[in-house]
Each structure stands twice: as C-alpha cells, then as structure tokens.
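A.B. asks: Only the shape, not the letters, is given here:
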C-alpha cells in the first residue's frame with residue numbers, strides 16, 4: 001500500500017505518543033518526520049477527552065505539522081473509533097500508546113489489539129512494550145494467533161540502534177559463539193518518583209523488570225542464543241532491608257503503596273543460554289541524578305563488545321578484538337532508533353520493504369516477555385524463601 005495520504009489512529013494522548021520531559025518517547029514526532037505531508041491522523045483515542053483536545057490544539061498551532069491533525073477526530077474508545085472512521089478515514093496504522101493493562105489478552109478491556117484488527121481488518125499495529133501486564137502466557141499467545149497476518153511491530157526500539165546493528169553484524173560475520181552477556185540497568189529514582197507513581201506499585205504496573213528492564217532483556221535475546229527460563233536464579237534487595245532504604249523518594253511510599261506491592265530496589269538475575277553461555281542482569285533503582293545508566297557487555301572467544309548509554313543521544317560501542325589488548329570506541333551520533341522503528345514499519349506497510357526489516361515481531365516479543373516474568377517470579381520466590389527461613 002502506498003497512497004498520497006497515510007491514515008494513523010493514535011491510542012493515548014500521553015507521553016508515549018506526544019512526548020514529555022521524562023524521556024524520548026514521542027511517536028507523533030517520528031510519524032511527522034517520516035510521513036511529512038502524507039500524515040493524516042484520523043483519530044485519537046483517550047478516555048480523557050480534554051487531554052486529547054489539548055494535545056491536538058498544540059499540534060494544530062504548529063505550522064510545520066498542523067495539516068496532519070486538521071481532521072483528527074477524538075474518541076473515548078476503540079468501538080467509537082470503529083463507528084466514526086469509515087471510507088477514506090479508515091486507518092492504515094494504529095499506534096498503541098496506552099498502559100499495558102489494555103492489551104495482550106482476550107479479556108474485554110484488555111484486548112486492544114484484537115479490537116483493532118476486528119474493527120479494521122487491514123490495519124497495521126505498532127504495539128508498545130511490555131505487550132501485556134498479565135503473567136498468563138496463554139493470553140498473549142492467543143493474541144499472537146489473532147494477529148497472524150497483521151503487520152505488527154513491538155516497541156523494542158533499541159534493536160534499531162546503529163551500535164546494536166554493528167554488534168549483531170560482528171557476531172554474525174565472525175560466526176561468534178557468545179560466552180556471556182552482562183547487563184546493568186540503573187535508574188535515577190528521583191527522576192522516576194516525580195511523576196511515575198505507578199512505577200513503584202506492582203498492583204498498578206507489572207514492576208520495573210517487566211516494564212523497564214524488558215528493553216535490555218530483549219536486547220540480550222537479540223544478540224544471544226535462546227535463554228533457558230528454568231535456569232533463572234535471582235536475588236533481590238527489597239524495601240524492608242537496610243540496603244533497600246532510599247533517601248530521596250519524593251512521594252509517600254509507606255502511605256501510598258502496600259508493602260507487598262513495593263518494588264525491588266535491586267534485582268540480580270543470572271541464567272543459562274542453550275549453548276551453555278551465561279546471562280546476567282543487574283537492575284538497580286539507586287542513582288540520584290540523571291535518568292538511566294545502561295550498559296550491555298557481550299563476551300565471545302577473543303572478543304569483548306560493550307554498549308554504553310543506548311538511551312542517550314550518542315551511544316558508545318567499545319570493541320576488543322583478537323590480537324590486541326586495546327578497545328576501540330565508536331560514538332554513534334545522529335541515530336534516532338525511535339525514528340528507525342517507525343520508518344521501517346511504514347516502509348513495510350507501503351510495500352517498499354520486506355517484513356524482515358521489522359526487527360521485533362509480536363511472536364518474538366512474547367519470548368522477551370516470558371524472560372522478564374521469569375526473573376520477577378524467581379525474585380519474589382527467592383525473597384519469600386529467605387524470609388521464611390529467617391522467621
């Protein structure tokens with residue numbers, strides 16, 4: 001499909017689709033960059049109709065992008081959008097920017113993807129991660145069956161980084177056998193406690209491993225053999241332990257979050273890959289200034305590949321090769337993986353490229369989802385066992 005206009009339906013008037021000061025997510029911006037005058041946002045769905053109208057007012061006041069939003073209709077549900085978008089207004093792409101408790105299941109209200117493909121049979125989907133908030137994998141697998149034949153990309157944007165593609169190329173071209181992956185994901189928690197209250201409450205969101213560390217769990221999966229979930233071992237630092245005390249929390253965790261729903265401060269997970277290699281993840285809610293501090297290290301015979309700051313504007317890749325003790329650093333600038341993700345998906349929808357350039361399919365994203373839940377469950381089991389033994 002390649003037409004003069006490209007119809008988009010946005011689900012969510014919040015930061016995923018329209019940006020914020022808290023991070024680089026902003027799908028509308030990348031759609032504008034990719035499609036230019038072709039962009040036609042036919043609908044915006046949000047239960048907060050005022051918020052939806054407010055973001056549209058901002059877009060319509062910007063001469064550079066206003067034409068893409070002149071005819072945008074606001075809806076409170078997918079059902080409303082299905083009734084209101086017919087004929088030339090049928091969307092070619094839906095961007096799912098709601099919270100994960102709206103998708104990844106067959107349960108009414110938790111089945112956005114299914115609603116969309118049944119309402120608009122030829123629609124393509126950009127699904128944010130995590131793909132759900134339920135640990136019932138039969139549900140996400142049932143959704144995958146419903147999406148069979150639908151062009152779908154899941155929002156693991158870090159796969160599209162030039163630095164990551166260089167790592168992938170080195171591994172493939174040199175036929176490397178990965179020996180280990182070591183990942184650290186550290187969060188500046190004052191950054192998270194200002195406006196991400198749900199982040200701290202596992203009854204509202206599925207926790208930082210499933211919702212946040214999922215990006216690096218997916219990245220390790222992209223560069224390594226299959227992870228063996230029955231080998232996952234986890235130790236955590238919890239809020240109730242002396243090491244889990246956080247001195248700069250900017251909200252009343254004790255008053256607002258029940259003890260059983262509070263998140264781990266540190267999660268240290270290890271597992272085996274099917275080729276015998278080992279994987280390690282250290283996730284910490286521990287830093288004060290900034291936002292994210294992320295590194296990924298891949299080891300192979302004679303090789304060391306280290307990715308630093310993949311979320312930043314200039315990710316660095318350090319490479320040590322056989323025959324030398326020196327590491328060569330490459331800085332990757334002018335590389336917007338969010339744009340690349342959107343651009344590749346649109347090229348596939350337009351029929352200009354093969355589906356293989358979509359680097360994260362729904363089926364593959366399920367495997368990343370399973371790994372994150374395996375880590376969370378094992379961490380909870382390990383802590384409960386430790387508590388019981390000390391009682």
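C.D. replies: Everything's here; your move. Keep in mind that what you see is a predicted model, and the values were worked out from it rather than measured.

A.B. asks: domain parsing for the chain?
C.D. replies: Under the assignment named as automatic domain parsing, the residue ranges that make up the domains of the chain are 6-150, 159-335+365-386.

A.B. asks: Can you say which of the ones you listed is nearest to residue 350?
C.D. replies: The minimum distance between residue 350 and the domains of the chain falls on domain 6-150, with 7.9 Å, by CB to CB. From N, CA and C alone the C-beta is placed, and that goes for glycine too.

A.B. asks: follow-up on the earlier one: the domains of the chain into JSON lines, with extra columns for mean neighbour count, distance to residue 358 and mean pLDDT?
C.D. replies: Compiled in JSON lines, those are given as follows (neighbours: other CB atoms under 10 Å; distance: least, CB to CB, whole Å; pLDDT from 0 to 100):
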{"stretch": "domain 6-150", "mean neighbour count": "18", "distance to residue 358": "10", "mean pLDDT": "96"}
{"stretch": "domain 159-335+365-386", "mean neighbour count": "17", "distance to residue 358": "10", "mean pLDDT": "95"}
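
A.B. asks: just so I know, which of the ones you listed lies nearest residue 348?
C.D. replies: Across the domains of the chain, residue 348 has its closest neighbour in domain 6-150 (7.7 Å, CB to CB).

A.B. asks: The closest one: end-to-end distance?
C.D. replies: In terms of CA to CA, to the nearest Å, the two terminal residues of domain 6-150 are separated by 17 Å.

A.B. asks: Please name the nearest non-neighbouring residue to residue 82.
C.D. replies: With CB to CB, 6 or more residues apart in numbering as the measure, residue 119 is the residue that lies nearest to residue 82, at 3.7 Å, once sequence neighbours are left out.

A.B. asks: list the contacts for residue 56?
C.D. replies: Contacts were defined as CB atoms under 8 Å, 6 or more residues apart in numbering; by that measure residue 56 touches 44, 69, 72, 74.

A.B. asks: And those, which two are furthest apart?
C.D. replies: Largest separation among the contacts of residue 56 by CB to CB: 69 and 74, giving 10.8 Å.

A.B. asks: give the contact list for residue 264.
C.D. replies: Taking CB under 8 Å, 6+ apart as the contact definition, residue 264 lies against 207, 208, 209, 236, 237, 238, 244, 283, 285, 379, 383.
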